[in-house]
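Colleague: Starting from these lines, generate the structure:
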Amino acid sequence: MLVSKKHKVLLMNLKNPAKVTEIMPQAKHVVVKGHKLVAVPHRLDEVRVLRNIGLDAPGPMRYYYDWPGRFKPYQHQFETSDFLTLHQRAFCLNDMGTGKTISVLWAYDFLRRWEYTPGAMLVVGPLSTLERTWGDEVFNHFPHLNVAVLHGTAGRRMALLEQGADIFIINHDGIKSKELLAALEERVKDGRISVVVPDELAAFRNQGTHRWKALRRLVAPAQYVWGLTGTPIPNEPTDAYGQIKLINPGNVPKYFNAFRDAVMRQLTQFKWVARQGALDHVHTVMQPAIRYARDQCIDLPPTTFQMREVELTADQERVYRDLMQKMKAAFKGGQITALNEAALLTKLLQVVCGVAYSKDGDVEIPAEARIDAVEEIIEQSQGKVIVFVPFRGALTYLAERLAKRTSVAVVHGGVSKTDRDQIFGDFQKAADPRVIVAQPGTMSHGLTLTAASTIVWFAPINSAEIYQQACARIVRPGQKLNTLIVHIEGSVVERKMYDRLQKRTTTQGVLLDMFQDS
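Modeller: Numbers count the residues shown, from 1 in each chain. Down below sits the predicted model:
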């Protein structure tokens, strides 16, 4: 099979040309250099038909797309984008940190620019990924696309929707708003929105929830639906059912119990276990799908960095704002210098972490969105995870929350060497603990913890040396996987601190620079 890029046709030398010409009126007999060939327009619909009859026709995106952005795609991203354009309903099961976001954006941009789809794209994702993941990728690589993040008050979200955009981004629970859901559904039905992308699809695995029912109204009439998740069955095989019902409902029985009986067997009244071959069954019905594990992506850099943005609660926002105003006033009055800036910066970080220290003891200012983001990342991770928390009060609070969902070990200055050695040994060699929650200073030198491939920073720290050493716990000899470092941030101060830490420079002067510029 040959491709004529000049004429945008596929040229095929077939033993039985009628196999194609009888079902494709647009196919033509041609003679090229004395060879009798069949020529077919090289478009998506024609390629889909050829593949359905067993001919491995290449996708047009491979030949006619210029891949805009600051870098060209890695091979697995190239394959992922091409796959998505050829499947109107599909799963992308690539691991977290493999670049699913930009692969989807390239696929949509190709469909849009070649007029395969007339409408906008709607992304329904975790709150922490709206701006820092999806928004940043569009801004950095697709300046010709307009993006609108549908977040905030009901009036603001409706106003943004009415203004229009090429890409709309909304959080999982945002679609439960009746007025907004009705407006989005109307736009999907009339084609103004033609691509719907549920990101972290496993969050919709329970078909009895309001968010699942809301999403179903949006995906049912959509021209393209691509479900993204690196962990389609985080708990048990039945987790796949609700997701498949959204993307390709014809692949599974109408009722959940029939699917459950196919992949699980009942031991007692309340206990079910997976049947032998359950995962193979899920793999069969969760098609079409593409998957690249992080360790398969040998062209990826050894370590990738990801930012997750979270919102401060109203209480956090109020305390944070008051502190910043007082600090700025003190700066203008010449009372803040490099000598005392670190203490003020620490106080801000305590507030965003959810536990501030005072002379009367710890003051909890719950950081629910930040904790939710950590739980999302742990669920999305295929392997073990280390979460670094700068402050002991916040560390304890977080560990107690995570322990309700997974096995957790805690490491801080009060944990004895004997206990630490036991924790680290179990982490490397046993199934549990799956997560270590630690103060970074207690794990910044010498340790090899390659059982984990993901590190989450609950908040930044002041020391660039400790940051680099802590990150190096999983980037060690013996690490067989590509590693991922996730930064959680909810304020401008944190973003600036992470930027300096990655550049291996001191965070000293962050506040002074901000006040100087304002």
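Colleague: residue ranges with poor pLDDT in the protein?
Modeller: When the per-residue scores of the chain are filtered using pLDDT under 70, the ranges that remain are 327-341, 357-362, 444-445, 506-518.
Colleague: Domain map for it?
Modeller: Residue ranges of the domains in the chain are recorded as 2-63, 73-296, 303-310+365-517, according to automatic domain parsing.
Colleague: From the chain's centroid, how far away is the shortest one?
Modeller: If I follow you right, that is domain 2-63. 37 Å (Cα atoms, centre = their mean, to the nearest Å).
Colleague: Now the terminal residues of that domain, how far apart.
Modeller: Chord length of domain 2-63, first to last residue, is 12 Å (Cα to Cα, to the nearest Å).
Colleague: I'd guessed residue 427 sits against residue 409; true?
Modeller: Yes - between residue 427 and residue 409 a contact is recorded at 6.8 Å, counting by Cβ atoms under 8 Å. Where you see a C-beta, it was placed from the backbone N, CA and C, and this is true even at glycine.
Colleague: Can you check which residues contact both of those two?
Modeller: Overlap of the contact sets of residue 427 and residue 409 (by Cβ atoms under 8 Å, 6 or more residues apart in numbering) consists of 433, 436.
Colleague: circling back: nearest to residue 325, out of the domains of the chain?
Modeller: Ranking these by their distance to residue 325 (criterion: Cβ to Cβ) puts domain 303-310+365-517 first, at 10.9 Å.
Colleague: Tell me the gap between that closest one and the middle of its chain.
Modeller: Put simply, domain 303-310+365-517 sits 18 Å off its chain's centre (Cα atoms, centre = their mean).
Colleague: What of stretch 202-209?
Modeller: Going by Cα atoms, centre = their mean, where stretch 202-209 is centred and where its chain is centred differ by 17 Å.
Colleague: Likewise for stretch 66-77?
Modeller: Averaging C-alpha coordinates over stretch 66-77 and over its chain gives two centres that are 18 Å apart (Cα atoms, centre = their mean).
Colleague: Residues touching it, excluding its own?
Modeller: Residues external to stretch 66-77 that are found in contact with it (Cβ under 8 Å, 6+ apart): 81, 94, 98-99, 102-103, 106, 109, 140-142, 144, 292, 296-297, 299-300.
Colleague: doesn't residue 304 fall inside a strand?
Modeller: Yes - membership of residue 304 in a strand is supported by DSSP: H, G, I helix; E, B strand; the rest coil.
Colleague: Residue 221: what secondary structure?
Modeller: When states are read from three-state DSSP, the local structure at residue 221 comes out as coil.
Colleague: That one: what's it in contact with?
Modeller: Going by Cβ under 8 Å, 6+ apart, residue 221 touches 185, 188, 189.
Colleague: swap in residue 118?
Modeller: Under the criterion of Cβ under 8 Å, 6+ apart, the contact list for residue 118 reads 191, 194.
Colleague: follow-up on the earlier one: give the single residue among the contacts of residue 221 positioned nearest to residue 282.
Modeller: residue 188 (27.8 Å).
Colleague: Show me what the one helix or strand that closest one maps to is in contact with.
Modeller: Per DSSP states H and E: residue 188 is located in helix 178-189. Taking contacts as Cβ under 8 Å, 6+ apart, the residues outside helix 178-189 that touch it are 119-120, 122, 150, 154, 157-158, 161, 168, 170, 174-175, 193-194, 196, 214, 217-218, 221-222.
Colleague: out of those residues, which are buried?
Modeller: Among the contacts of helix 178-189, those classed as buried by 16 or more other Cβ atoms under 10 Å are 119-120, 122, 150, 157, 161, 168, 170, 174-175, 193-194, 196, 214, 218, 221-222.
Colleague: Turn the domains of the chain into CSV, including distance to residue 348.
Modeller: As requested, the domains of the chain are arranged in CSV below (distance: least, Cβ to Cβ, whole Å):
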stretch, distance to residue 348
domain 2-63, 46
domain 73-296, 19
domain 303-310+365-517, 6
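Colleague: Now do residue 183: how many residues are near it, please.
Modeller: Using other Cβ atoms under 10 Å as the criterion, residue 183 is surrounded by 15 other residues.
Colleague: wait, residue 207
Modeller: Neighbour count for residue 207, taken as other Cβ under 10 Å: 14.
Colleague: That one reaches residue 240, doesn't it?
Modeller: No - Residue 207 lies out of contact with residue 240 (Cβ under 8 Å); the separation is 11.3 Å.
Colleague: mind listing what's buried in the helix holding residue 188?
Modeller: 180, 181, 184, 185, 187, 188.
Colleague: Same question for stretch 364-377.
Modeller: 365, 367, 369, 370, 371, 373, 374, 376, 377.
Colleague: My guess is the third one contacts residue 490. True?
Modeller: Same thing as residue 369. Yes - shown here, residue 369 and residue 490 form a contact pair, counting by Cβ under 8 Å, at 7.2 Å.
Colleague: Find the residues that touch each one of these two.
Modeller: Both residue 369 and residue 490 are contacted by 310, 311, 312, under the criterion Cβ under 8 Å, 6+ apart.
Colleague: export those residues to JSON lines and tack on neighbour count?
Modeller: Supplementary listing: the shared contacts of residue 369 and residue 490 in JSON lines, determined by neighbours: other Cβ atoms under 10 Å:
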{"residue": "310", "neighbour count": "23"}
{"residue": "311", "neighbour count": "17"}
{"residue": "312", "neighbour count": "20"}
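Colleague: between these, which is nearest residue 417?
Modeller: residue 310 (34.1 Å).
Colleague: my read: that closest one touches residue 129, true?
Modeller: No - judged on Cβ under 8 Å, residue 310 makes no contact with residue 129 at a distance of 10.2 Å.
Colleague: hang on, the earlier thing: going by distance to residue 271, which of the buried residues of helix 178-189 wins?
Modeller: Nearest to residue 271 among those is residue 181, at 37.2 Å by Cβ to Cβ.
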